[in-house]
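J.: Structure, please.
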Amino acid sequence: MPERARMLDLAPHPEGGWFRRTYTSPLTVELPRGPRAAASIIHYLLSDGEASAWHVVRSDEIWLWHGPGTLTLQLGGSGNEPVDGETTVLGGDTPNGERAQAVVPAGVWQRTLPSEGETLVSCVVSPEFHYDDWVLDAPAG
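T.: Next up, the predicted model:
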């Protein structure tokens, strides 16, 4: 277990990497699939060279970079299976195109490519993340 994961009390994530939910909104919204909190947030950590597997969430997801390394987020379309698509590098070098945040629209496949250095992000999901609203293509590894 990476030291930062231990310090932040993170657990292994089924997609790869490490996570812990840090916030769930007390407000709820009614959806056809059932009530959900208005939003949830996790810390998500990737060690050097780690990646997350293709997955899709039925809610919008906002990625917020904390560093220190960079993370490449790849979108995979909204079909039944992911396809290699647009990438965004989350990092602090904004003059060279890195961004501090990125949005993955609801229903769009996403994954991270192997990270460069240890990278901590937060992921805000609205309405909240719920395992019933999530599909994992294949575990990372």
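J.: Can you tell me who Thr119 pairs with across the strands?
T.: Leu46, Pro68 (DSSP bridges).
J.: ok, it - contacts?
T.: The contact partners of Thr119, by Cβ atoms under 8 Å, 6 or more residues apart in numbering, come to Leu45, Leu46, Trp65, His66, Gly67, Pro68, Gly69, Thr70, Leu71, Leu90. From N, CA and C alone the C-beta is placed, and that goes for glycine too.
J.: Relative to Thr119, how far out is the third one?
T.: For Trp65, the distance to Thr119 (Cβ to Cβ, to the nearest Å) stands at 7 Å.
J.: Over to the fourth one?
T.: His66 sits 8 Å away from Thr119, going by Cβ to Cβ.
J.: SS state for the residue nearest the centre of the chain?
T.: The centre of the chain sits closest to Cys123, judged by Cα atoms, centre = their mean, with a distance of 5.3 Å. For Cys123, the assignment made with DSSP: H, G, I helix; E, B strand; the rest coil gives strand.
J.: quick revisit: want to try TSV for the contacts of Thr119, with pLDDT and distance to Val108 as columns?
T.: Shown next, in TSV, are the contacts of Thr119 (pLDDT from 0 to 100; distance: Cβ to Cβ, whole Å):
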residue	pLDDT	distance to Val108
Leu45	97	23
Leu46	97	20
Trp65	98	19
His66	97	23
Gly67	93	25
Pro68	96	27
Gly69	95	24
Thr70	96	21
Leu71	95	17
Leu90	97	16
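J.: Can you tell me which of the residues you listed are classed as buried?
T.: With burial judged by 16 or more other Cβ atoms under 10 Å, the buried subset of the contacts of Thr119 is Leu45, Leu46, Trp65, Gly69, Thr70, Leu71, Leu90.
J.: Which one of the residues you listed is nearest to Gly17?
T.: For the buried ones among the contacts of Thr119, the closest approach to Gly17 (Cβ to Cβ) belongs to Leu46, at 4.5 Å.
J.: sorry, back to before: okay, and the common contacts of Trp65 and Thr119?
T.: Joint contacts of Trp65 and Thr119 (Cβ under 8 Å, 6+ apart) are Leu71, Leu90.
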